[in-house]
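Student: model the structure of this input:
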Amino acid sequence: VGPELNLWLLLFAVALCSLTTAVFGLVPAWRAGRAEPARFLGGRSPLDGLRGHRFLRTLAASEVALAVVLAVGAGLLVRSLLELYRVDPGVRTERVLTARLSLPEARYPNATSISSFYREALPRIEAIPGVVSADITTELPLAGSMMALRFEVVGQPARPASERPDADIRIISPGYLDTLGLRLVRGRRFGDSDRPGAPPVILVNESLARRFLPGEDPLLASLRMPTLVPGGGGLGPEAALRIVGVVADVKVWGLGGEIPPQVYLPYAQSPWPGTALAVHTAVDEMWLARPIRQAILEIDDELPLTRLSSMEATLAHCTAQPRFQSLLMAVFAGFALVLAGLGVYGVVAYSVSERTREIGVRLAVGASPSRVLGQVMRETLRNTLGGMALGLLTALGLSRLMASQLFGITALDPLTYVVVVVALGLAAVVAGFLPAYRASRIDPVITLRHEH
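Tutor: Below is the predicted model of the structure:
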């Protein structure tokens, strides 16, 4: 489910902005109202003096600390998103059109009628120019849906049915692995010999073989599980299904989800009325949506083809929420960085303006411009480092709350913290350099003359 803006969220944002404006507008006004009139008549600001300077430095350090917290959060989410993009989904995503078909029981009441429909439909689709292959499955990869059945390994100690592990069951046509680019690790694919009446066979994924058949040859093993009644009539008696191949793991619950044990059944032995169509194309897959729909209607003019999409769109949907979170945090962090830079610049510029006479005297008695520049920059960096230290300590605590939203990294990812520190450090140096440089170029003669 994608993020959405509703009325309550909008009202909350307006109220928060109003409160922020009031607080940060009233505080300076309150300070100005309490100041002595003589200070204004003398041309002095209510922020003059040690307390005023401390207030400004504290405000600038707080802006830097907030920028660190937001930048760390944004950096962690961006790093997590990049790690997510590196994940191999295990399937072909380019030029694959997908759709859903559901054969109504009234017109397709049994296994024979269901099998007959697909034996006619798939060749028709494959005959369309631009189509490489077309196959069916009960559930598509990355879709986040599965049909689970309990199983046990034949020959291992028996367990009560309630304690047996679950496997994700997928019924596929013989060319499904090639159409979606699934890699066969061992054994063979389904073929014409896996027909009704032949010994029941299955394929399993690597996760199932690794977890439940450690140190054994999967091709010599069988799984016992309930059978699927042809035609989608429910579950039948348990049977031993021989493993004839092992398929590479494929992502089911998005790119970051765990891979469950999976069992593939041949469609000819377990016809099912509700399927997903997968079509590998040599051209833009969406161009073929209309002729594929027409091919289905030529067989059954009352049968709709629904949820037409592409595997690329399915993959993009898996990363939609992480992308939005990363973008949102990056925008907030960018604003915080700008505000922190402006805060540092304002504090340094104000401090320099208040110390003009002092700096002029120092230059008059022999202080070099580089020494003045260095002193101002040291004070700037000292204040900035204090804000960064506070921000890092806060980020270390708050980032743990994001741990469940991260993939491939921890909340204490060192690269993120190093990049944030370097970036904010450079921003502070740039923000403080200009007023510090102007201070080092003050003409002491003009300064002292204006003071008198």
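
Student: need the three-state assignment for T98.
Tutor: For T98, the secondary-structure state derived from DSSP: H, G, I helix; E, B strand; the rest coil is strand.

Student: actually L385, not the one I typed
Tutor: helix.

Student: spatially central residue in the chain, please.
Tutor: The C-alpha lying nearest the average C-alpha coordinate of the chain belongs to P322 (C-alpha atoms, centre = their mean; 2.5 Å).

Student: which residues does that residue contact?
Tutor: Counting by C-beta atoms under 8 Å, 6 or more residues apart in numbering, P322 touches L77, S80, L81, L84, Q405, F407. Where C-beta positions appear, they are placed from N, C-alpha and C, glycine not excepted.

Student: poorly predicted segments of the chain, please.
Tutor: Residues of the chain that meet the criterion pLDDT under 70 lie in 1-10, 12-13, 16-17, 19-53, 56, 230-233, 354-359, 362, 366-367, 442-452.

Student: can you give me the helices in it?
Tutor: For the chain, helices defined by DSSP state H occupy the ranges 7-34, 37-41, 50-85, 111-126, 176-179, 206-212, 289-299, 311-318, 320-354, 356-364, 369-398, 414-440, 444-451.

Student: quick one: which of those is nearest A148?
Tutor: helix 206-212 (12.5 Å; C-beta to C-beta).

Student: now for that closest one, which elements pack on it?
Tutor: If contacts are counted by 3 or more C-beta pairs under 8 Å, 6 or more residues apart in numbering; DSSP states H and E, helix 206-212 sits against strand 235-247, strand 262-266.

Student: okay, now the sheet partners of the last one, with direction.
Tutor: By that I understand strand 262-266. strand 166-172 (parallel), strand 201-205 (antiparallel) (DSSP bridges).

Student: return the most buried member of the ones you listed.
Tutor: With neighbours defined as mean count of other C-beta atoms under 10 Å, those peak in mean count at strand 201-205, which reaches a mean of 25.

Student: quick one: that one to chain centroid distance?
Tutor: 31 Å (C-alpha atoms, centre = their mean, to the nearest Å).

Student: neighbouring contacts of it?
Tutor: Residues outside strand 201-205 that contact it (C-beta under 8 Å, 6+ apart): 167, 187, 189-190, 194, 218, 223, 241-250, 259, 261-266, 269.

Student: kindly tell me how buried S353 is, as a neighbour count.
Tutor: Neighbour count for S353, taken as other C-beta atoms under 10 Å: 12.

Student: for S368, same thing?
Tutor: 11.

Student: quick check: the gap between it and V352.
Tutor: Per C-beta to C-beta, to the nearest Å, S368 is found 17 Å from V352.

Student: same question for L327.
Tutor: In terms of C-beta to C-beta, L327 sits 38 Å off from V352.

Student: so for the two, which residue has more residues nearby?
Tutor: Neighbour totals were compared for L327 and V352, and V352 leads with 22 against 14 (other C-beta under 10 Å).

Student: which ones are touching the more buried one?
Tutor: I359, V376, P435, A436, R438, A439 are the contacts of V352 under C-beta under 8 Å, 6+ apart.

Student: now, which of those residues sits nearest I296?
Tutor: For those, the nearest to I296 is P435 (71.6 Å; C-beta to C-beta).

Student: how about the contacts made by that closest one?
Tutor: The contact partners of P435, taken as C-beta under 8 Å, 6+ apart, are Y345, V348, A349, S351, V352, V376.

Student: with the residues you listed in mind, which one is nearest to P237?
Tutor: Scanning these for proximity to P237, where the rule is C-beta to C-beta, the winner is Y345, at 78.2 Å.

Student: find the nearest non-adjacent residue to the closest one, please.
Tutor: A431 (4.2 Å; C-beta to C-beta, 6 or more residues apart in numbering).

Student: how close does the spatially closest residue to T281 that is not a sequence neighbour get to R371?
Tutor: Leaving aside its sequence neighbours, T281 sits nearest to R95 (C-beta to C-beta, 6+ apart; 4.8 Å). Computed as C-beta to C-beta, the R95 to R371 distance reads 67 Å.

Student: same thing with A143?
Tutor: 67 Å.

Student: which one's more surrounded, those two?
Tutor: Ranked by neighbour count (other C-beta under 10 Å), A143 and R371 place A143 first, with 20 against 13.

Student: now do the same contact list for the more buried one.
Tutor: V252, A276, T314.

Student: T98 is in contact with the last one, correct?
Tutor: Yes - counting by C-beta atoms under 8 Å, T98 is a contact partner of T314 at 7.0 Å.

Student: between the two, which contacts overlap?
Tutor: L140.

Student: is it true that A282 touches R95?
Tutor: Yes - between A282 and R95 there is a contact under C-beta under 8 Å: 7.1 Å.

Student: more neighbours: which of those two?
Tutor: Counted by other C-beta under 10 Å, A282 and R95 do not tie: R95 has more neighbours, with 19 against 11.

Student: with neighbour count and distance to I172 added, can I get the contacts of A143 in CSV?
Tutor: Shown next, in CSV, are those (neighbours: other C-beta atoms under 10 Å; distance: C-beta to C-beta, whole Å):
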residue, neighbour count, distance to I172
V252, 23, 14
A276, 20, 10
T314, 20, 17
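
Student: quick one: which of those is nearest I114?
Tutor: Among those, A276 lies closest to I114 (C-beta to C-beta), at 14.7 Å.

Student: excluding its backbone neighbours, what's nearest the closest one?
Tutor: In space, and not counting its chain neighbours, A276 is closest to L140: 4.7 Å by C-beta to C-beta, 6+ apart.

Student: separation between that neighbour and L265?
Tutor: 16 Å.

Student: same deal with T58?
Tutor: 68 Å.

Student: likewise F335?
Tutor: 54 Å.

Student: quick check: bridge partners of L101?
Tutor: T275.

Student: quick one on the thing from earlier: just the buried ones out of the contacts of strand 201-205, please.
Tutor: For these, a burial check counting by 16 or more other C-beta atoms under 10 Å picks out 167, 189-190, 194, 218, 223, 241, 243-250, 259, 261-266, 269.
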